[in-house]
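*Asks:* The following block contains a protein sequence and its predicted model.
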Amino acid sequence: MNSWNSVWKIGGIVLLAYVIVRGFSTPLQPGLVEASPTRLSPGKATVSLSAVGQPFLRDQETLEDFQLVLRSEEGLLKTQVLDISEHRVTASVNIPTVLPSPALDAFLFTPSSGTLFLGNAFFVENAAEGIIPAGFVAPAPDEAAPLLGFSFPYQPNIMESIRNLLWHVPMWFAMFFVMGIGFVASLAQLRTGQVNWDHRAEAAVRTGLVFGVLGLVTGSLWARWTWGAWWVSDPQLNGALVTVLLYSGYMILRAAMDDDERVGRLSAVYNVFAFIMLVVLLMVLPRYTESLHPGKDGNPGFNSYDLDNSLRAVFYPAVIGWGALCYWIYSLRLRMNRIEHHLLTQ
Amino acid sequence: MRTGFQSTFQTAIAVAKMEWRLEWRQGHQLASVALFAVASVYVAFQSSDHETSTGAWTAMLWLVYLFSGFTAVGRLFDRERTATRQYLRWTVEPLGLILGKLAHAILTTTGLTALVLATFVLFLGWPSGLEQAGKPGLLVLGAWLGGLSVTTTLVFVTAVASQVQSAGAALSAVLGLPLLLPQIILVTRLTRGALLGTPWNTLGELPLFLAALSVGTSILACILFPYIWRA
C-alpha cells in the first residue's frame, strides 16, 4: 500500500518531466505560412513562399526533388523552382490570361516532408475565366510519403503554440476530475452528514479551482495567439469562467459560516446544485453559440485529424501526469483539513 | 402534521397564500420593489443616448430585470430567520414550504415582467431602427419564461444565503450571478430574436429550453431544500 503510494506520485512527476522536455524539444512539422507577392497578373512572375517548423530542405536534396504547383479550382498550373533554402522556396511561374478562378492555392511537393499546402496563396488580377491553356498545365505529381520522424503536426494559425495542448487541455481534465470527486463527496455528505465527506469536498473544490484558474490563464494566452483576443464570447469560455466563478462562490459561502455542521450541509447543497447547473451549461449553451474552440461543431477537435501519433505520445502522458499531480495536491489538502479538524475539536 | 401528496399540496397553497397576504399587508415591500424597478428603468433611459441598439436595449432590460429580481426574491426567506422559522419548522414540511415559495416566485415574476417591460418600452421606446417589436407576443412570453428561470434559481440561492447569519445581500449576488449566467445568455438571445422578428425555426427551441431550465432548477431546489431547512 505504502509503496504504491509513492509509485504513482513519482510516476506522475516522471511523466510531467517527460512531457515538459518532450513538449518543448520536439520540432514542429514544416508548413507554408506566407506568399509574396500575393497579387499577380498574367505573364511571367517570380514568387516566393516562406515556411515555419523544421526545415523542409535536408542534406543531399536538390532542386529537382521539389515541385511547386499552383491550383486554380481543379486546374493545376506548373512552375519552375528556382531556389530552395531552409524556410523559403522561390519559383518562376508563367500565368495564363485565362484561369478557372483568380485564387491560387499552393502545393509544395517535397521529397521527405510530404506535401505542404497554403490555401489562397495568390490572387491573379485581370485574368479571364476559362480553362487553363494546355502549355501551362502541370502534370499531377507523385506524392512522396513523408519521413518526418518524431514531430508535432503543423496547423495554420496555431503553429508552435500547439505545445500548449499539453498544458491547457490536461489542466481542464484534471479540474473536472477533482470537481467530480467533490460532487460525489457532497452527495455522500448530504446522505451521511459526516464531516469527513465535507473535508473531501472542500479539498477537491479548492484544488479544482487552482487548476481551473491555470486552465483559464493558459487558454487566454492561447486565444491571444490564435484568435487575436485575450477573451471572446464563446460557449466553451463562458462555461470555463462560470465554473471558476461558481466554485469561488462555494469558497465564499464556506468562509461566511463558522459552525462545522452548517458549513458541511449548506456547502454540500450548493455544490450539488452548482455541479448540475454546470453540466446543463456545458451541454445546452453550445447549441446556441458558434464556437471558435476546437471540439465544437463546425470546428473539429484535435482528436479528429491533427492529434497524430507523435502528439498522442506526449499528450496522453500529460493527461495522466497532470491528473496525478492534481490528485496529489488534493490528497495533501485533505490531510490538512483532517489535521485542522482534529486539532480544533480536541 | 399530516403527510402525503395532498397535504404537501395544501401546505404549498397555504404558504403561497400567507406570502401573498403578507406582501399586501406590508405594502411598503411591494412598493419598494416596484420603485426599484421603475427607478432602474429611468436610470437606463437617462444613461442611453436615445439611439439604443438592439443589443444595448436587451442588455439594459435584463440588467434591470436581474437586479429587480434580486430585490424581489432576496427577502423571500427573511421572515424565516426569526421565531417564525422555529414555528414553521415544527408545523410545515419542507417540500410544501419550498413549493409555496416557488409558487410565490411565479406570481412575483408575472408582476415584475409586466412592470419592467411596460415601463421599459414606455421610457426607452423600441431600439433604434425598429418601428416596433418583430414578435411582441414572443417578447413578452420570453421575458416571462426568462424571468421565471431567474427567480426560481434565486429562490434556491436565497434559501441557502438566508441560513448564513452573517450574510448580507452580497452573498446572494455572489452565489446567484454565476448560476444565472446560462439563463441570461439564453433569454437575451431570445429577446433579441423577438425584437428583430427572427423566424420561429431558429428560435423554436429557446423558449422550451428556458421552460425546461425553470422546471429543472425548481425540481433541484425541491430535492435539496430539505437539507437546507434541517438543522
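*Replies:* Nice, thanks for sending it over.
*Asks:* Could you find the closest non-adjacent residue to residue 12?
*Replies:* All of this refers to chain A. Excluding the flanking residues, the one nearest residue A:12 by C-beta to C-beta, 6 or more residues apart in numbering or on different chains is residue A:324, at 2.7 Å. Bear in mind the C-beta positions are built from the backbone N, C-alpha and C, glycine included.
*Asks:* The chain in question should be chain B.
*Replies:* Nearest one to residue B:12, counting by C-beta to C-beta, 6+ apart, is residue B:99 at 3.6 Å.
*Asks:* Could you find the closest non-adjacent residue to whichever residue of the stretch 151-300 of chain A sits closest to chain B?
*Replies:* The stretch 151-300 of chain A approaches chain B most closely through residue A:245 (3.7 Å), counting by C-beta to the nearest C-beta. Nearest residue to residue A:245, sequence neighbours excluded (C-beta to C-beta, 6+ apart): residue B:178, at 3.7 Å.
*Asks:* Give me the residue ranges of chain B where confidence is low.
*Replies:* Scanning chain B for pLDDT under 70 picks out B:1-5, B:80-81, B:167-168, B:231.
*Asks:* Write out the residues of it neighbouring chain A.
*Replies:* B:156, B:160, B:163-164, B:166-167, B:171, B:174-175, B:177-179, B:181-182, B:185-186, B:189, B:205-206, B:209, B:213, B:216-217, B:220-221, B:224, B:227-228, B:230-231 (C-beta under 8 Å from any C-beta of the partner chain).
*Asks:* Filter those residues down to the buried ones and hand me the PyMOL line.
*Replies:* A single PyMOL command selects the buried members of the residues of chain B next to chain A (16 or more other C-beta atoms under 10 Å in any protein chain shown):
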select buried, chain B and resi 156+160+163+164+167+171+174+175+177+178+179+181+182+185+186+189+206+209+213+216+217+220+221+224+227+228
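*Asks:* From the centroid of chain A, which residue is nearest?
*Replies:* residue A:165 (4.0 Å; C-alpha atoms, centre = their mean).
*Asks:* now chain B
*Replies:* Mean-position check on chain B, C-alpha atoms, centre = their mean. Result residue B:151 at 2.6 Å.
*Asks:* how far away is it from residue B:66?
*Replies:* 10 Å (C-beta to C-beta, to the nearest Å).
*Asks:* Please apply the same query to residue A:161.
*Replies:* Distance from residue A:161 to residue B:66, by C-beta to C-beta: 37 Å.
*Asks:* out of those two, which sits in the more crowded spot?
*Replies:* Ranked by neighbour count (other C-beta atoms under 10 Å in any protein chain shown), residue A:161 and residue B:66 place residue B:66 first, with 21 against 16.
*Asks:* returning to that earlier point: run through the residues that contact the residue nearest to residue A:12.
*Replies:* Shown in contact with residue A:324 (C-beta atoms under 8 Å, 6 or more residues apart in numbering or on different chains): A:8, A:9, A:11, A:12, A:13, A:15.
*Asks:* SS state for it?
*Replies:* helix (DSSP: H, G, I helix; E, B strand; the rest coil).
*Asks:* ok, back up a step: is there contact, residue-wise, from whichever strand or helix holds the residue nearest to the centre of chain A to chain B?
*Replies:* When elements are assigned from DSSP states H and E, residue A:165 belongs to helix A:165-192. Yes - looking at helix A:165-192 against chain B by C-beta under 8 Å from any C-beta, the contacts come from residue A:190.
*Asks:* buried ones in that helix?
*Replies:* In helix A:165-192, counting by 16+ other C-beta under 10 Å, buried: A:165-179, A:181-183, A:185-190.
*Asks:* Noted, bye for now.
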